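*Asks:* output the structure for:
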Amino acid sequence: MQNYNNTSADNNKEILLKVSNLQVDFKTEDGIFTAVKNLNFELYRGEILGIVGESGSGKSVSSMAIMGILSKMASLPKGSINYYPTDDNNIELSSISESEYQNIRGKDISMIFQEPMTSLNPVYKCGDQVVEAIILHQKISKKEAKIKAIELFNDVELPRPEKIYNSYPHQISGGQKQRVMIAMAISSKPSLLIADEPTTALDVRVQKRILEILKNLQKKYNMSVIFITHDLGVIAQIAQRVLVMYRGELIESGNIEQIFNNAKHAYTRGLINCRPKTEIRSKQLPTVNDYLNLNDKEIAIKLEAISQRQRDTEHKKLYASKPILQVNNLSTTFVSERNIFGKVTAVVNAVNNVNIEVYPGETLGLVGESGCGKTTLGRTILQMIPSSNGIVTYKNKNLSELPKNELRNLRKEIQIIFQDPYSSLNPRITIGNAIMEPMKVHNILKNNTERKKRVIELLERVGLTAEQYSRYPHEFSGGQRQRIVIARSLALNPKFIVCDESVSALDVSVQAQVLNLLNELKKEYGLTYIFISHDLSVVKYMSDRILVMRDGKIEEIGEADELYNNPKNNYTKELIEAIPEV
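*Replies:* Okay, here's the model as predicted:
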């Protein structure tokens, strides 16, 4: 594979980090797996360098090699990693001891990880964890460290810094946890900050603000930043140069303009184009594999747009029928605080007097930030969470009044696809048995022989194989696990499916494959969807109509293209403006 390397030295720039011929191998049951192959690049002082690629491309492994935190399954990195703290001082990180690394890690070179909840200790307050990091690298008192921690919380624009200082991680939002992690990472004013997928699965508005904060901090402290992501749309908002990695190799590099306007490699073009475009609605989303395996004419056919006339004709037919689902004055309330006697002192109105209709064959998009109530609404509709008020009617049946046995039978028709497929699959059960299990519960087909045949048909329909029937969840990638969960939801021959953030944590290329699959299955099986997401570009592509939620209420509802092009609500406008555009 050709190695496009545009990182030749620039006399006007000072090199902070130089990676030469880096190779990282892992010991596996099947032998040696090379995760990073012959990687070469330079990072300059005060520069933001993006590294982009799908899961398994080697981008995170490269960053862990720089940090010296590779797992025990990895061999010692081959090649060299040279760090230049000053012009006349060169430290070869790949050859120093662990004790020497500890003097650099967290102080001179720091890292922000993808999932802050796994990086923050749940039993310690946020402020105490930042203070600990400050004291570890700076000879100051705890009182001085607390003052500095509050200053850092202000730097990362945390609301009510003193309150968050005394809060535990579970008491603050995902975006706030990420800001605490950023504050901890910059506490010693490192010369290099590595940000590994720091905005994945965050709401688009929160993501946009995190990127702005990182850029502001980079300028304020003159840091160099390596920003790692699978999304070129995010890279376009923050980086000056970008490296594209594929299967452990650097396949292309250059400044942002070069990569986006004149990408040389088919893989790069695939990453750029597989994200849903907001200006057109193509019949299918192109995938990275399309760009690697199809010619330009074949790709153009996939990119062919659905005309407005076609869409109007389809909607005229769609909305001529009676609704399959009606939600009237629905509210869901949670207890948020009790006093020492157990008496309720505060409640949260997660869903507040919502009214909607869903038509057979429709995809109703449900969009809003974390905490807006969209997931609670979906689960209340499915009677997974009891409502405090209102009526949910499916096919003229009031679901809240159905006896348990009738509701159980109806669950064959109404299914849900969860955000995290791994947590919804039993790790001790093969995926074939996981798909067959609900068929047994609902007495679908005569016997297990027929059921197994049906399971294999479903696996093949979602792009997997019969040979994978006996494998366990951990043997599959994130995108494959999502396909397994989709196959399981289809096993009961449903008519109505709630897709709850079902693509939010996937690589953009895998996301495109899953979205195409959901649209194909919708046509093939005559399905109706409620499609829940915080990503308005994805919701717009999938939906016939969009419902925008905020604070448990409906802010706006309308035909997807019309709502995007002419939003009436300021909140909707803010969501649209936050969409990362390639």
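*Asks:* and Gln23, how many residues sit next to it?
*Replies:* Taking other Cβ atoms under 10 Å as the criterion, the count of residues near Gln23 is 16. Bear in mind the C-beta positions are built from the backbone N, C-alpha and C, glycine included.
*Asks:* show me what it is bridged to.
*Replies:* On the basis of DSSP bridges, Gln23 takes part in beta bridges with Lys78.
*Asks:* residue contacts, it?
*Replies:* Contacts for Gln23 were tallied using Cβ atoms under 8 Å, 6 or more residues apart in numbering; they are Thr34, Val36, Lys37, Asn38, Leu39, Pro77, Lys78, Gly79.
*Asks:* which of those lies closest to Asn433?
*Replies:* Within the set of the contacts of Gln23, Thr34 lies nearest Asn433; the separation is 34.1 Å, counting by Cβ to Cβ.
*Asks:* the closest one contacts Leu22, doesn't it?
*Replies:* No: taking contacts as Cβ atoms under 8 Å, Thr34 lies outside contact range of Leu22: 11.0 Å.
*Asks:* and these two? Which one has more around it.
*Replies:* Neighbours per residue (other Cβ under 10 Å) separate Thr34 from Leu22, with Leu22 holding more: 24 against 16.
*Asks:* my guess is that one meets Val36, correct?
*Replies:* Yes: counting by Cβ under 8 Å, Leu22 touches Val36, with 5.7 Å between them.
*Asks:* any residues in contact with both of those two?
*Replies:* Shared contacts of Leu22 and Val36, defined by Cβ under 8 Å, 6+ apart, comprise Ser62, Ala65, Pro77.
*Asks:* who wins on neighbours among the residues you listed?
*Replies:* When those are compared by neighbour count (other Cβ under 10 Å), Ser62 ends up highest, at 28 neighbours.
*Asks:* what packs against the helix or strand containing that one?
*Replies:* Here Ser62, judged by DSSP states H and E, is contained in helix 59-67. In terms of contacts (3 or more Cβ pairs under 8 Å, 6 or more residues apart in numbering; DSSP states H and E), helix 59-67 is packed against strand 15-28, strand 31-44, strand 48-52, strand 109-112, strand 192-196, strand 224-229.
*Asks:* got these as TSV, with distance to Ile414 columns?
*Replies:* Conversion of these to TSV gives the following (distance: least, Cβ to Cβ, whole Å):
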stretch	distance to Ile414
strand 15-28	41
strand 31-44	42
strand 48-52	39
strand 109-112	40
strand 192-196	38
strand 224-229	36
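*Asks:* which one of those lies nearest to Glu437?
*Replies:* Distances from Glu437 to each of the helices and strands packed on helix 59-67 were compared by Cβ to Cβ, and the smallest falls on strand 15-28, at 30.1 Å.
*Asks:* flag the shaky bits of the protein, pLDDT-wise.
*Replies:* Low-confidence regions of the chain, defined here as pLDDT under 70, cover residues 1-12, 117, 201, 582.
*Asks:* can you give me phi and psi for the residue of it most remote from its centre?
*Replies:* Relative to the average C-alpha location in the chain, and by Cα atoms, centre = their mean, no residue lies farther out than Asp88, which sits at 41.5 Å. Asp88 has phi and psi values of phi -100, psi 20 when expressed as degrees, to the nearest 10.
*Asks:* what ranges do the strands span in the stretch 451-582 of the chain?
*Replies:* 496-500, 528-533, 545-550, 553-559 (DSSP state E, counting those that start in this stretch).
*Asks:* and what of the stretch 51-200 of the chain?
*Replies:* Secondary structure of the stretch 51-200 of the chain by DSSP E, counting those that start in this stretch: the strands cover 78-86, 89-92, 109-112, 192-196.
*Asks:* for the longest one, buried residues please.
*Replies:* Applying a neighbour-count criterion of 16 or more other Cβ atoms under 10 Å, one finds Gly79, Ile81, Asn82, Tyr83, Tyr84 buried in strand 78-86.
*Asks:* could I get these in TSV, plus columns for distance to Gly361?
*Replies:* Output for these, formatted as TSV (distance: Cβ to Cβ, whole Å):
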residue	distance to Gly361
Gly79	56
Ile81	55
Asn82	60
Tyr83	58
Tyr84	61
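*Asks:* out of those residues, the closest to Lys125 would be?
*Replies:* Distance to Lys125, by Cβ to Cβ, is smallest for Tyr83 among those, at 33.1 Å.
*Asks:* got a list of what that closest one touches?
*Replies:* Contact criterion Cβ under 8 Å, 6+ apart gives Leu16, Leu17, Asn90, Ile91, Glu92, Leu93, Ile104, Asp108, Ile109, Leu192 as the residues in contact with Tyr83.
*Asks:* so Leu330 is in which element?
*Replies:* strand 325-338.
*Asks:* an error on my part: the question was meant for Leu366.
*Replies:* Secondary-structure assignment from DSSP H and E places Leu366 in strand 363-367.
*Asks:* that strand: how far from the chain's middle?
*Replies:* Centroid separation for strand 363-367 versus its chain: 18 Å, with Cα atoms, centre = their mean, to the nearest Å.
*Asks:* any residues touching it, and which ones?
*Replies:* When contacts are taken as Cβ under 8 Å, 6+ apart, the neighbours of strand 363-367 outside the stretch itself are 356, 358, 374, 377-378, 522, 528-536, 539-540, 542-549, 560, 575.
*Asks:* ranges for the helices of the stretch 401-550 of the chain?
*Replies:* Per DSSP state H, counting those that start in this stretch, the stretch 401-550 of the chain carries helices over the ranges 404-410, 431-441, 448-461, 478-490, 508-525, 536-542.
*Asks:* to Lys302, which of these lies closest?
*Replies:* For the helices of the stretch 401-550 of the chain, distance to Lys302 was read as Cβ to Cβ. The smallest value, 9.1 Å, belongs to helix 508-525.
*Asks:* and the angle for that closest one with helix 448-461?
*Replies:* Angular relation of helix 508-525 and helix 448-461 on a 0 to 180 degree scale: 130 degrees, by axes from the mean of the first three to the mean of the last three Cα atoms, to 10 degrees.
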